[in-house]
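J.: Any chance you could fold what I've pasted below:
(chains A and B)
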Amino acid sequence: KAGVTQTPRYLIKTRGQQVTLSCSPISGHRSVSWYQQTPGQGLQFLFEYFSETQRNKGNFPGRFSGRQFSNSRSEMNVSTLELGDSALYLCASRSGEDGYTFGSGTRLTVV
Amino acid sequence: QKEVEQDPGPLSVPEGAIVSLNCTYSNSAFQYFMWYRQYSRKGPELLMYTYSSGNKEDGRFTAQVDKSSKYISLFIRDSQPSDSATYLCAMKDAGNNRKLIWGLGTSLAVNP
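T.: Numbers count the residues shown, from 1 in each chain, chains lettered A, B, ... in the order given. Below you'll find the predicted structure:
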């Protein structure tokens, strides 16, 4: 059974650019969550999608957005990148009330 | 004050030692408690998932929840070098807000 797949694994972008990250959940999982992980702040919740609808949103600016497709795949977009957006972006999927299964993340570096 | 507090360590122990990892929290509404392990350059991996107070055992791992003290623990028996990783606690309430609240993680090194 394939796990959660995130692409790309590594990304280097320049300030002001935008970026799109992709996440393919475990087959059959309809819930996808996104997290930002940094050494100082740890894991911070960005948003959660279920059946193409955003169900929950964290305290991030509007530059961070996401969407989910009918096949449960999800993308997140960050516009007007800032140096502070450099982080590991993690996607997690789950089924029901079970624990979340995470992908290996996308390491974004903004220069 | 953060909702979930976790000592970042690092914690260094010899192989075979018993390891105790802990988190405290302030929100009494939390009812689901999880421990994740994260290796370098990987995403977190679920180790233990508990609901309500008490102990749960899985192999060398035991999760303990004390809701009255707002304190959770993860014990690792007979620790192995392969246990070297960052251990993160996470928790959530039972309401519609399903987002997980995380500790910062404790870095553990098990030395052969």
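J.: Run through the residues that contact B:Asn55.
T.: By C-beta atoms under 8 Å, 6 or more residues apart in numbering or on different chains, the contact set of B:Asn55 is B:Thr62, B:Ala63, B:Gln64, B:Val65. For glycine as for every other residue, the C-beta is placed from the backbone atoms N, C-alpha and C.
J.: Try it again at 10 Å.
T.: B:Thr62, B:Ala63, B:Gln64, B:Val65, B:Asp66, B:Ser73, B:Phe75 (C-beta atoms under 10 Å, 6 or more residues apart in numbering or on different chains).
J.: which non-adjacent residue is nearest the first one?
T.: Once its chain neighbours are removed from consideration, B:Thr62 has its nearest residue in B:Phe75; the separation is 4.4 Å (C-beta to C-beta, 6 or more residues apart in numbering or on different chains).
J.: Look up how far A:Thr53 lies from that neighbour.
T.: Per C-beta to C-beta, to the nearest Å, B:Phe75 is found 40 Å from A:Thr53.
J.: Between the two, which has more neighbouring residues?
T.: Between B:Phe75 and A:Thr53, counting by other C-beta atoms under 10 Å in any protein chain shown, B:Phe75 is the more crowded of the two (17 against 9).
J.: wait, doesn't the more buried one sit right on B:Ile18?
T.: Yes - between B:Phe75 and B:Ile18 there is a contact at 6.4 Å, judged by C-beta atoms under 10 Å.
J.: Touching both of these two, which residues are there?
T.: With C-beta under 10 Å, 6+ apart, B:Phe75 and B:Ile18 have common neighbours B:Arg60, B:Thr62.
J.: what's the spacing between the residue most central in space within chain A and chain B?
T.: Nearest residue to the geometric centre of chain A (C-alpha atoms, centre = their mean): A:Trp34, 3.5 Å. For A:Trp34, the distance to chain B equals 11 Å [C-beta to the nearest C-beta, to the nearest Å].
J.: coming back round to it: which of the contacts of B:Asn55 are buried? Put it as a PyMOL command.
T.: Applying 16 or more other C-beta atoms under 10 Å in any protein chain shown to the contacts of B:Asn55, the buried members can be selected in PyMOL as follows:
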select buried, chain B and resi 62+63+64+65+73+75
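J.: so which of the contacts of B:Asn55 comes closest to chain A?
T.: Using C-beta to the nearest C-beta, B:Ala63 comes nearest to chain A of those, at 11.9 Å.
J.: host element of the closest one?
T.: Per DSSP states H and E: B:Ala63 is located in strand B:61-66.
J.: Using CSV, write out the CA atom coordinates for the next helix or strand along the chain from that strand.
T.: Next along the chain after strand B:61-66, taking DSSP H and E as the criterion, comes strand B:71-76. In CSV, the C-alpha atoms belonging to strand B:71-76 read as follows (Å, rounded to 0.1, in the frame of the first residue of the first chain):
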residue,chain,number,x,y,z
TYR,B,71,0.7,15.0,31.5
ILE,B,72,1.6,12.4,29.0
SER,B,73,4.6,10.1,28.7
LEU,B,74,6.2,7.7,26.3
PHE,B,75,8.5,5.0,27.7
ILE,B,76,10.9,3.1,25.5
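J.: packing partners for strand B:71-76?
T.: strand B:19-25, strand B:30-38, strand B:45-51, strand B:54-58, strand B:61-66, strand B:85-93, strand B:106-111 (3 or more C-beta pairs under 10 Å, 6 or more residues apart in numbering or on different chains; DSSP states H and E).
J.: Any chance of JSON lines for those strands, columns mean pLDDT?
T.: Compiled in JSON lines, the helices and strands packed on strand B:71-76 are given as follows (pLDDT from 0 to 100):
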{"stretch": "strand B:19-25", "mean pLDDT": "97"}
{"stretch": "strand B:30-38", "mean pLDDT": "94"}
{"stretch": "strand B:45-51", "mean pLDDT": "91"}
{"stretch": "strand B:54-58", "mean pLDDT": "92"}
{"stretch": "strand B:61-66", "mean pLDDT": "96"}
{"stretch": "strand B:85-93", "mean pLDDT": "94"}
{"stretch": "strand B:106-111", "mean pLDDT": "96"}
